[in-house]
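Sequence unavailable; structure follows:
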């Protein structure tokens, strides 16, 4: 699937920023290797996914998102994002971080 950009909703953008992550930081996460899994818990109205990845300064984050299709291509629409808690980050680093560098 070719992703051509990001589709930001004002409320979702504000929700992400409330957790300390800017649009630019979230978009940069997707320029690196991310682990993507279905978000079954939040997929009742649309297919949603959770990406686990690293910020440019190496902090592990989760990004909840969906896809939006337009004439120009497929867009990632972030819904929420947050830094991983200490235990989550430790597990992520132990499992994946070496592959993500």
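Perfect, I can see it now. Every value quoted in this text rests on a predicted model; they were computed, and no experiment measured them.

low pLDDT regions in the protein?
1, 43, 97-101 (pLDDT under 70).

Show me the strands in it, by range?
Along the chain, counting by DSSP state E, strands occupy 3-6, 35-38, 49-54, 60-70, 73-83.

Report how many residues lie close to the residue nearest to residue 20 when sequence neighbours are not counted.
The shortest distance from residue 20 to any non-neighbouring residue, by C-beta to C-beta, 6 or more residues apart in numbering, is to residue 83 (6.6 Å). From N, CA and C alone the C-beta is placed, and that goes for glycine too. Counted with other C-beta atoms under 10 Å, the neighbours of residue 83 add up to 15.

now swap in residue 33 and tell me
For residue 33, the count of nearby residues is 12 (other C-beta under 10 Å).

just to revisit the earlier point, nearest to residue 21, out of the strands of the chain?
Comparison of the strands of the chain against residue 21 by C-beta to C-beta identifies strand 73-83 as nearest, at 4.6 Å.

Which other helices and strands does that closest one contact?
When contacts are defined as 3 or more C-beta pairs under 8 Å, 6 or more residues apart in numbering; DSSP states H and E, strand 73-83 sits against strand 3-6, helix 10-18, helix 23-29, strand 60-70.

Tell me the buried residues in it?
Counting neighbours by 16 or more other C-beta atoms under 10 Å, one finds that the buried residues in strand 73-83 are 75, 76, 77, 78, 79, 80, 81, 82.

got the contact list for the second one?
Residues touching residue 76, when contacts are defined by C-beta atoms under 8 Å, 6 or more residues apart in numbering, comprise 3, 5, 6, 7, 30, 65, 67, 68.

which ones are touching the residue positioned nearest the centre of the chain?
Central residue of the chain (C-alpha atoms, centre = their mean): residue 63, 2.7 Å from the mean position. Taking C-beta under 8 Å, 6+ apart as the criterion, residue 63 is in contact with 26, 29, 30, 34, 50, 51, 53, 78, 80, 81.

To what extent is residue 36 buried, counted in neighbours?
13.

Please apply the same query to the one 4 residues further on.
Counted with other C-beta under 10 Å, residues neighbouring residue 40 total 10.

so how far is residue 17 from it?
Taking C-beta to C-beta, to the nearest Å as the criterion, residue 40 is separated from residue 17 by 26 Å.
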